[in-house]
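Novice: Fold the stuff below for me.
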Amino acid sequence: MAEYRTHAVVLKSSDLGEADRLVSFYTRDYGRFDAVAIGARRIKAKLASHLEPLTISYVELAEKNRKIVTTAMELEHFLKIRSNFEKLEAALVFLNRCERLLIAPERDERLWRLMLSVLHAFERVKTEHVSLIVTYATFGLITILGYAPNPAIRSRWPKAARELHSRFIRESLATLFKRPPQPAALAQLRLALNPLLVSLPSSRRAVATLY
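Specialist: Numbering: from 1, shown residues only. As a prediction, this is how the structure comes out:
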């Protein structure tokens, strides 16, 4: 029986059978995988609160025919996101895109760092900047996965969109949010990136448009 111990971002949780939950994780050491939390829907279940979406947890799993969560301990719960509807909605949009785009159980430190950076950014920034985070986070995700726009496509973008895209390439999320772009430039970047998302193979497509 294989055993796993790792830190994980909980991407999604759905009902399974009468009392169980199927939980989707992105883990630091193993990449994306799904596991069953047996009895997690019962009222007194100890694992339930540690396996909610938008949670970073330490998890232990066992695998024979399927992966089973044996231990989970919440490390970060992001209360400032959960208490703000706009932040919560935007963060769940991003996690949904991660869950739908990340298929293979392949470890990628860049993806792990991106998820942590994005969630901590949602926790810190003002509400009016959450749309900016989703745009940059989605672009970062598809860039790491190899779907970044090629130069021929980018050359046809409006100037403001190209400049904003260049800022993403050379600056960290933390730096970007200290000098947020003008709304018009952000709108142009969204319009430029939307066709890229639509063109993703259906098996890896997140959603048709940026938040």
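
Novice: and the residue nearest to residue 41 when sequence neighbours are not counted, what pLDDT?
Specialist: Nearest residue to residue 41, sequence neighbours excluded (C-beta to C-beta, 6 or more residues apart in numbering): residue 19, at 5.0 Å. (C-beta placed from N, C-alpha, C; glycine too.) With respect to pLDDT, residue 19 has a value of 85.

Novice: again, but for residue 189
Specialist: 65.

Novice: Also residue 186?
Specialist: Confidence for residue 186, expressed as pLDDT, is 65.

Novice: Okay, helices next: where are they in this structure?
Specialist: 79-82, 85-101, 109-124, 130-144, 151-154, 159-170, 173-178, 183-198 (DSSP state H).

Novice: winner for burial among the ones you listed?
Specialist: helix 130-144 (a mean of 22; mean count of other C-beta atoms under 10 Å).

Novice: Now it: average pLDDT?
Specialist: Here the average pLDDT along helix 130-144 is 82.

Novice: quick check: angle from that helix to helix 85-101?
Specialist: For helix 130-144 against helix 85-101, the angle by axes from the mean of the first three to the mean of the last three C-alpha atoms, to 10 degrees is 10 degrees.

Novice: what's the distance between helix 130-144 and the middle of its chain?
Specialist: 9 Å (C-alpha atoms, centre = their mean, to the nearest Å).

Novice: Could you do stretch 153-173 as well?
Specialist: Per C-alpha atoms, centre = their mean, the centroid offset for stretch 153-173 relative to its chain is 21 Å.

Novice: go on, stretch 28-39?
Specialist: 15 Å.

Novice: mean confidence for that stretch?
Specialist: Mean predicted confidence for stretch 28-39 is 90.

Novice: for that stretch, which positions count as buried?
Specialist: Of the residues in stretch 28-39, 28, 30, 31, 32, 33, 34, 35, 36, 37, 38, 39 count as buried by neighbour count, 16 or more other C-beta atoms under 10 Å.

Novice: how near is the first one to residue 11?
Specialist: In this structure, residue 28 and residue 11 are 14 Å apart, going by C-beta to C-beta, to the nearest Å.

Novice: ditto for the fourth one
Specialist: When C-beta to C-beta is the yardstick, residue 32 and residue 11 sit 8 Å from each other.

Novice: Spit out the residues that contact these two alike.
Specialist: Both residue 32 and residue 11 are contacted by 24, 25, 26, 99, under the criterion C-beta atoms under 8 Å, 6 or more residues apart in numbering.

Novice: which two in the residues you listed are spaced the farthest apart?
Specialist: 25 and 99 (9.5 Å; C-beta to C-beta).

Novice: Spell out which residues are contacts of both of the two.
Specialist: 11, 32.
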